[in-house]
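[1] predicted model follows, preceded by the sequence.
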Amino acid sequence: MNSSTAIHLIESFTKYIPTLCTSMHKGQAGRIAIMGGSKEYTGAPYFSGISSLRIGSDICHIFAPTEGGTATAIKTLCPELIVHPLESYDPSDIIPWLLSIHVLIIGPGLGRSASAWSCATQVIKAARDIDLPMVLDGDALRLICNDLDIIKNNQKVILTPNVMEFKGLSDTVKSKLNIESSSTLSAEKLSEYLGNVTIIQKGKEDIITNGKQTVVCSSDGMPRRCGGQGDLLAGAIGTMYAWACLYEKNNSHSSSSSSSINNTITTTTNNNVNNNYSSTLLASFAGCTFVRRCAYNAFEKNRRSTITLDMIAEIPKTFEEIFEKPDSDKIDDAVSNISSLKIADQRSDQ
């Protein structure tokens, strides 16, 4: 389909973006937490965290191990990040904080140690118990292959697998269903089995589905495959998902009153504008579109030398291009070459 559908999705998401005003207090534009990092992968949680802050969340916590100086390194990279050093992977160091955040991101740079996975499993279960929205990325996606039930039927979960992580999830589900085919399951089929969790199958095109509806983001990115782009995406989606949840919460409160002093998110008189799409789908599409455009803008300047830090530098300009231009023609320019939306027909094929 043409880019008009993509523009509609972006405009629908834009209603979620907090309006900046002097009456707001810290935290009203989103409180995000990230569990990740390891002695090998210090940069991943930093990239997720800094993208969250640069996009516009107010507060970002990072729970990272002290092993290898990981937590200390992240602290020095960005003083605005609230870094919690984990001396050992004790879930009790993380779980009490869950009540004070809007979205939890687990996985960037997590690694595959038994202690990290055990702790992450307990944190995922605790988050589910309090109905906390989650984004699972990186090694957290490999972790859940050991026990799909910890996320199954939790429609507040967004999964962001790359090619190999998606294959791992597909192989696990095929084993559960006794499917012997060598083909990889479709994202729709995988989502249906998992109880309609939202899945972003990253690739040349990002396929985003909740098993009922599917959006394909194919806007231009860049050919440079530097590490860290997925971490930026996790942080972007986590932040945008938090905004969507805050909007829906505040909008439901305002439905019984014409005004609310505590309403922190811009509302709209057309309450049916987003009814066709879940907040997870809209936030995911917006995040994928945004990060691809950051990559495109960075590559235009730096070409083969482009690294993830160059993408971070493009966040302010890119956010304005996509989300803050009132003229739909300008939005069209920013999201050019995007396709499109299709409503999945609950098909049971691959």
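    Perfect, thanks for sending it.
[2] can I assume Ile32 sits in a helix?
    No. Going by DSSP: H, G, I helix; E, B strand; the rest coil, the assignment for Ile32 is strand, not a helix.
[3] what sits against it?
    For Ile32, the contact set (CB atoms under 8 Å, 6 or more residues apart in numbering) comprises 49, 52, 57, 59-61, 101-105, 235, 238-239, 242. From N, CA and C alone the C-beta is placed, and that goes for glycine too.
[4] tally of neighbours for Ser88?
    Ser88 has 10 neighbours, counted by other CB atoms under 10 Å.
[5] same thing with Asp149?
    Using other CB under 10 Å, Asp149 has 11 neighbouring residues.
[6] Ser182 versus that one, what's the distance?
    Separation of Asp149 from Ser182 (CB to CB, to the nearest Å) stands at 26 Å.
[7] what does Cys217 give?
    Look at Cys217 and Ser182: by CB to CB, they are 27 Å apart.
[8] give me every residue that touches the nearest residue to Ala71 once chain neighbours are set aside.
    In space, and not counting its chain neighbours, Ala71 is closest to Pro85: 3.7 Å by CB to CB, 6 or more residues apart in numbering. For Pro85, the contact set (CB under 8 Å, 6+ apart) comprises Ala64, Pro65, Thr66, Ala71, Thr72.
[9] in strands only, show me the contacts of Ile32.
    Ile59, Cys60, His61, Val103, Leu104, Ile105 (DSSP state E).
[10] which of the contacts of Pro85 tops the neighbour count?
    Highest neighbour count within these: Ala64, with 31 neighbours (other CB under 10 Å).
[11] isn't there a strand covering that one?
    Yes. Counting by three-state DSSP, Ala64 is part of a strand.
[12] shouldn't it be in contact with Val83?
    Yes. Between Ala64 and Val83 there is a contact under CB atoms under 8 Å: 6.2 Å.
[13] give the helix, strand or coil label for the residue nearest to Ala71.
    Strictly by three-state DSSP, Pro85 counts as strand.
[14] could I get the ones in strands among the contacts of Ile32 as a markdown table with neighbour count and distance to Ser12?
    What follows is these, written out as a markdown table (neighbours: other CB atoms under 10 Å; distance: CB to CB, whole Å):
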| residue | neighbour count | distance to Ser12 |
| --- | --- | --- |
| Ile59 | 20 | 26 |
| Cys60 | 27 | 25 |
| His61 | 20 | 29 |
| Val103 | 29 | 19 |
| Leu104 | 26 | 24 |
| Ile105 | 33 | 23 |
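[15] list just the nearest of those residues to Asp129.
    Closest to Asp129 out of those is Leu104 (12.3 Å), distances taken as CB to CB.
[16] the closest one touches Ser48, doesn't it?
    No. Look at Leu104 against Ser48 with CB under 8 Å: they stay out of range, at 11.5 Å.
[17] now do the shared contacts for those two.
    In contact with both Leu104 and Ser48: Ile34, Gly238, using CB under 8 Å, 6+ apart.
[18] for Ser278, grab the count of nearby residues.
    Counted by other CB under 10 Å, the residues lying close to Ser278 total 17.
[19] separation between the closest residue to it other than its chain neighbours and Thr318?
    In this structure, Ser278 finds its nearest non-sequential neighbour in Asn210, 5.7 Å apart by CB to CB, 6+ apart. To Thr318, Asn210 is 26 Å away according to CB to CB.
[20] tell me the pLDDT of Thr5.
    What the model reports as pLDDT for Thr5 is 84.
[21] what's the answer for Asn250, then?
    For Asn250, the predicted pLDDT is 88.
[22] roughly how far apart are it and Thr19?
    Taking CB to CB as the measure, Asn250 falls 11 Å from Thr19.
[23] who has more neighbours, the two?
    Taking neighbours as other CB under 10 Å, Asn250 and Thr19 compare with Asn250 leading, 19 against 11.
[24] which parts of the helix or strand containing the more buried one are buried?
    Assigned by DSSP states H and E, Asn250 belongs to helix 229-254. Within helix 229-254, the residues scored as buried using 16 or more other CB atoms under 10 Å are 229-247, 250-251, 254.
[25] please apply the same query to stretch 133-149.
    By neighbour count with 16+ other CB under 10 Å, stretch 133-149 contains the buried residues 133-144, 148.
[26] identify the farthest-apart pair in the residues you listed.
    Using CB to CB, the two most remote members of those are Pro133 and Arg142, lying 21.1 Å apart.
[27] any stretches of this protein with poor pLDDT?
    For the chain, the stretches with pLDDT under 70 are 1-2, 253-275, 325-350.
[28] rerun that using 50 as the cut-off
    Residues of the chain that meet the criterion pLDDT under 50 lie in 1, 256-275, 326-327, 330, 337-350.
[29] distance of the most centrally placed residue in it relative to Gly111?
    Nearest to the centroid of the C-alpha atoms of the chain, with distances taken as CA atoms, centre = their mean, sits Ile237, at 2.6 Å. Applying CB to CB, the value for Ile237 to Gly111 is 21 Å.
[30] and what of Trp117?
    Note on Trp117: its distance to Gly111, by CB to CB, is 9 Å.
[31] contacts only, for Val173.
    For Val173, the contacting residues are Leu148, Ile179, Leu185, Lys189, Leu190, Tyr193, Leu194, by CB under 8 Å, 6+ apart.
[32] which of the helices or strands spans it?
    Using DSSP H and E, the element containing Val173 is helix 163-177.
[33] Lys167 - how many residues pack around it?
    By the measure other CB under 10 Å, the count of residues near Lys167 is 13.
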